[in-house]
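S.K.: Here is my input; please provide its structure:
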Amino acid sequence: MVSDNQGIKTDLSNPVGFVLAPVTIAANLGTSIVGGALGAVGIVDNSPTEPGRRVALGERGQARLARLQSAPNGRSFDRAYIDQQARSDAQTLALYDAYAKSGDSAQGRRFASEALPYIADEHAHSASLAARIGG
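M.R.: Numbering: from 1, shown residues only. Take a look at the predicted model:
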């Protein structure tokens, strides 16, 4: 287990946990460094000095949230949510793929290359689910 002062733990015995370790670490760093504005998605900052302080969403984040909030029923919400998840997974896959090919750190490129199969698998699952439910 890897833990930090924010209490978010990542289980490195699971390959997906290992792949997501940078996300957990980045979330914790983002919370500490930029008040929780990790990727401008808007998360609740658990900073001990200002517990529960909210960070503003960017325009795209607001649009995604509005789409979820305006869903007229559970099925529409599910479709919107899984569509957003599949798109996010595709973006993550593209980022790791690009870094694996041309990142500025040999260690980072190696990590990205090793993580790609797991991220691709996650993307395949979310894309398949989006296709099945009509996301």
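S.K.: For the host helix or strand of A63, which helices and strands make contact with it?
M.R.: Per DSSP states H and E: A63 is located in helix 59-69. Under the contact criterion of 3 or more C-beta pairs under 8 Å, 6 or more residues apart in numbering; DSSP states H and E, helix 59-69 touches helix 74-102. Glycine gets a C-beta too; all of them are placed from N, C-alpha and C.
S.K.: For the helix or strand following the helix it packs on, what does the pLDDT average out to?
M.R.: Later in the chain than helix 74-102, the nearest helix or strand by DSSP H and E is helix 106-133. With pLDDT averaged residue by residue, helix 106-133 scores 95.
S.K.: Give the buried residues for helix 106-133.
M.R.: Residues of helix 106-133 classed as buried: F111, A112, A115, L116, Y118, I119, E122, H123, S126, A127, A130 (neighbour count, 16 or more other C-beta atoms under 10 Å).
S.K.: returning to that earlier point: export the helix holding A63 as PDB, just CAs?
M.R.: Output of helix 59-69 as PDB, limited to C-alpha atoms (Å, rounded to 0.1, in the frame of the first residue of the first chain):
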ATOM      1  CA  GLU A  59     -16.400  25.400 -18.800                       C
ATOM      2  CA  ARG A  60     -16.000  21.800 -20.000                       C
ATOM      3  CA  GLY A  61     -16.400  20.400 -16.500                       C
ATOM      4  CA  GLN A  62     -19.500  22.600 -15.900                       C
ATOM      5  CA  ALA A  63     -21.000  21.300 -19.200                       C
ATOM      6  CA  ARG A  64     -20.400  17.700 -18.200                       C
ATOM      7  CA  LEU A  65     -21.900  18.200 -14.800                       C
ATOM      8  CA  ALA A  66     -24.900  20.000 -16.300                       C
ATOM      9  CA  ARG A  67     -25.500  17.100 -18.600                       C
ATOM     10  CA  LEU A  68     -25.500  14.700 -15.700                       C
ATOM     11  CA  GLN A  69     -27.700  16.900 -13.600                       C
END
